[in-house]
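> My questions are about this predicted structure, shown below with the sequence.
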Amino acid sequence: MNLDALLDCVAASSCLVTQISAGLIIGMLLFLVACGLTLIFGVLGVINFTHGSFYMMGAYIALTTFQTTGSYALAVLASTLGVALFGVIFERFFMARVYGADVLMQLLVCYAFILILDDVAKIVWGADFRAMGMPEAFVLPPLRVAGGFLPPFYLFLAAVTVAIAITLGVVIAKTRFGKIVRAAAANRQMVGVLGINTALLYAAVFALGSALAGIAGALAAPVRSVVPGMGFSILIESFIVTVIGGMGSIAGAFVAAILVGITRSFGSIGFPLFTDGTMFVFMVLVLLIKPTGLFGRRPG
């Protein structure tokens, strides 16, 4: 515990800007992963433990595409489409067979694919840490704000995430697809009775959730090491975000992700040996006050 260092950081504008920006970046990546996770849970009623591996796949696809083409835009696009396509295949051929089954069966299927995808990554890309490097378009001097420094890529990542959050919110709230998704989340059986192709709907929702994980992996690749197993830690953090925000709530995932990112950033200064623990303590405190999460609703 180093409370003096934490207080000194809060009192210094440069440190405050640096830690807040770092926390926001952590939060933005967590939101993209947790958003897909909570979207799939809200409609399909399954907890996709493989979601962290989708994030890892997105990072590796982006790394390979960027090294091949030199285009970061193509890398992001390839990650998004590639992981979305894999998500559809995974949902149709594997997860669809365990809908309505015991939760343990669903977890076993997901855990099996975590191990399979980690080993595939080792076979294809090797077990060593790999780095994409910063795309040339973002190799610019950092912006100075209140004595702190903001890398241009951080601003880009934040802008993309906010744009995705707004777009997703509008799609869910205003479009016919969004209305069907919300109806399915409330009563899946009734949606099927009304003539909606639920198999197609489930595949589309799974593809959308997987695509968000792929985008997160592509955005993380320039600033994080790419290594087999990298999806596990963000999966745990994403579950924390989902629980804090409220299962099935996209707005809750966004708010919770930012709060968790800030908590983790400042916790690394004040509690360097208990950084992960601070997130769990935060989750416990939220659940003690509101067991359904910040934006969650009680069933029924």
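Happy to help now that I have it.

> most centrally placed residue in the chain?
Nearest residue to the geometric centre of the chain (CA atoms, centre = their mean): residue 33, 1.2 Å.

> Phi, psi for it please.
When read as degrees, to the nearest 10, the backbone of residue 33 gives phi -70, psi -50.

> Not including adjacent chain positions, what is the nearest residue to it?
Once flanking residues are discounted, residue 33 sits nearest to residue 238: 4.5 Å by CB to CB, 6 or more residues apart in numbering. For every residue, glycine as well, the C-beta is placed using N, CA and C.

> Now do the helices in the stretch 151-300 of the chain.
Assigned by DSSP state H, counting those that start in this stretch, the helices in the stretch 151-300 of the chain fall at 152-174, 176-186, 188-193, 198-220, 230-245, 250-270, 275-289.

> okay, the ones you listed in CSV with mean neighbour count next?
Below are the helices of the stretch 151-300 of the chain laid out as CSV (neighbours: other CB atoms under 10 Å):
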stretch, mean neighbour count
helix 152-174, 15
helix 176-186, 16
helix 188-193, 14
helix 198-220, 24
helix 230-245, 23
helix 250-270, 22
helix 275-289, 14
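
> Confidence-wise, which of those helices is weakest overall?
The stretch with the lowest mean pLDDT among the helices of the stretch 151-300 of the chain is helix 188-193, at a mean of 73.

> who does it touch, helix- and strand-wise?
helix 176-186, helix 198-220 (3 or more CB pairs under 8 Å, 6 or more residues apart in numbering; DSSP states H and E).

> What is the distance between that helix and the centre of its chain?
29 Å (CA atoms, centre = their mean, to the nearest Å).

> show me the contacts for the closest residue to residue 232 other than its chain neighbours.
Residue nearest to residue 232 in three dimensions, not counting chain neighbours: residue 52, with 5.6 Å by CB to CB, 6+ apart. Contact analysis of residue 52 by CB atoms under 8 Å, 6 or more residues apart in numbering lists 33, 114, 213, 231-236, 238.

> can you put those in CSV and add distance to residue 4?
Output for the contacts of residue 52, formatted as CSV (distance: CB to CB, whole Å):
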residue, distance to residue 4
33, 34
114, 41
213, 39
231, 36
232, 33
233, 29
234, 31
235, 34
236, 30
238, 32
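
> Switch the helices of the stretch 151-300 of the chain over to a markdown table; also include distance to residue 100.
Listed next are the helices of the stretch 151-300 of the chain as a markdown table, based on distance: least, CB to CB, whole Å:
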| stretch | distance to residue 100 |
| --- | --- |
| helix 152-174 | 24 |
| helix 176-186 | 14 |
| helix 188-193 | 10 |
| helix 198-220 | 12 |
| helix 230-245 | 21 |
| helix 250-270 | 25 |
| helix 275-289 | 27 |
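
> out of these, which comes closest to residue 42?
helix 176-186 (4.4 Å; CB to CB).

> For residue 14, the count of nearby residues, please.
A count of nearby residues for residue 14, using other CB atoms under 10 Å, gives 14.

> which SSE is it in?
According to DSSP states H and E, residue 14 maps onto helix 13-44.

> what helix or strand is the residue nearest to residue 232 on?
Here residue 52, judged by DSSP H and E, is contained in helix 51-69.

> Could you list the buried residues of that helix?
For helix 51-69, burial by neighbour count (16 or more other CB atoms under 10 Å) applies to 51-66.

> Now flag whichever of the residues you listed is closest to residue 198.
Distances from residue 198 to the buried residues of helix 51-69, taken as CB to CB, are shortest for residue 51 (21.1 Å).

> Could you report the pLDDT at the closest one?
For residue 51, pLDDT reads 91.

> Which one, of the helices of the stretch 151-300 of the chain, ends up nearest to residue 77?
Proximity to residue 77 (CB to CB) singles out helix 198-220 among those, at 8.5 Å.

> So what's the gap between that closest one and the chain middle?
Centroid separation for helix 198-220 versus its chain: 11 Å, with CA atoms, centre = their mean.

> related to what we said a few turns ago, run through the residues that contact the residue nearest to the centre of the chain.
By CB under 8 Å, 6+ apart, the residues touching residue 33 are 51-52, 55, 212-213, 216, 234-235, 238.

> Can you add distance to residue 190 and give those residues back as JSON lines?
JSON lines is the format used below for the contacts of residue 33 (distance: CB to CB, whole Å):
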{"residue": "51", "distance to residue 190": "27"}
{"residue": "52", "distance to residue 190": "32"}
{"residue": "55", "distance to residue 190": "33"}
{"residue": "212", "distance to residue 190": "27"}
{"residue": "213", "distance to residue 190": "29"}
{"residue": "216", "distance to residue 190": "32"}
{"residue": "234", "distance to residue 190": "35"}
{"residue": "235", "distance to residue 190": "32"}
{"residue": "238", "distance to residue 190": "29"}
